[in-house]
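Asker: The sequence and its predicted three-dimensional model are supplied below.
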Amino acid sequence: MQVFGFAGYSGAGKTTLIEKLVPIFVGRGLRVSLIKHAHHVFDIDTPGKDTYRHRQAGCSEVLIVSRQRWALMHESRSEPEPDLEQQLQLLSPCDLVLVEGYKTLPFPKLEIWWEANGKPWMAPTDPHIVAVASDVGVPGGISGARPGLPLDDHEGIADFILRYLKLE
């Protein structure tokens, strides 16, 4: 499993870009998984449904299964959040794991920068950012020796990631 991340501030377009890249990777025959790190409390279950009620009653894990999909919900309660390595071990084998978030962890990442967002660049201070994708040109002082890619060149970004990871 190769791991590649997407770093950027909220509103930079990480999710939108990943949504465009996944079909390209899958179309090239790769099996792709994703880890999305959330900084907020979330729930994928619906209050009042059986699985929600079972978790609220105290189940540590609830597995819901249908012909179309299955989902395992694990209640951490007082357990610490699993680190990225532990999360990777939970995934089924695949060719490529995309990671949205965990912008400070040491794995290869593409910085997503959108001018209208008004946030600072991350690349100058993060050696794990291997390229920068932006909706405007990338200043040489920002990207340094790293490639600067047009944010709307989805095929070009996919090509870069696959070459970088030696998956093509």
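Answerer: Noted; the coordinates are in hand. Numbers count the residues shown, from 1 in each chain.
Asker: dump the residue contacts of residue 24.
Answerer: Counting by CB atoms under 8 Å, 6 or more residues apart in numbering, residue 24 makes contact with 154, 155, 158. Where C-beta positions appear, they are placed from N, C-alpha and C, glycine not excepted.
Asker: buried subset of those?
Answerer: Taking 16 or more other CB atoms under 10 Å as the criterion, what is buried in the contacts of residue 24 is 154, 158.
Asker: Mind putting the contacts of residue 24 into a markdown table with pLDDT, secondary structure and distance to residue 37?
Answerer: Below are the contacts of residue 24 laid out as a markdown table (pLDDT from 0 to 100; DSSP: H, G, I helix; E, B strand; the rest coil; distance: CB to CB, whole Å):
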| residue | pLDDT | secondary structure | distance to residue 37 |
| --- | --- | --- | --- |
| 154 | 98 | helix | 23 |
| 155 | 98 | helix | 27 |
| 158 | 98 | helix | 22 |
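Asker: Let me know the closest of the contacts of residue 24 to residue 134.
Answerer: Ranked by distance to residue 134 (CB to CB), those are led by residue 154 at 14.0 Å.
Asker: Isn't that closest one up against residue 19?
Answerer: No: contact status for residue 154 versus residue 19: not in contact, 9.7 Å apart, counting by CB atoms under 8 Å.
Asker: Low-confidence stretches in this structure?
Answerer: Residue ranges of the chain with pLDDT under 70: 39-43, 143.
Asker: now the strands: where do they sit in it?
Answerer: 2-7, 32-36, 61-65, 70-74, 96-100, 109-113, 129-134, 148-150 (DSSP state E).
Asker: wait, what's in contact with the closest residue to residue 102 other than its chain neighbours?
Answerer: In space, and not counting its chain neighbours, residue 102 is closest to residue 37: 5.0 Å by CB to CB, 6 or more residues apart in numbering. Going by CB under 8 Å, 6+ apart, residue 37 touches 99, 100, 101, 102.
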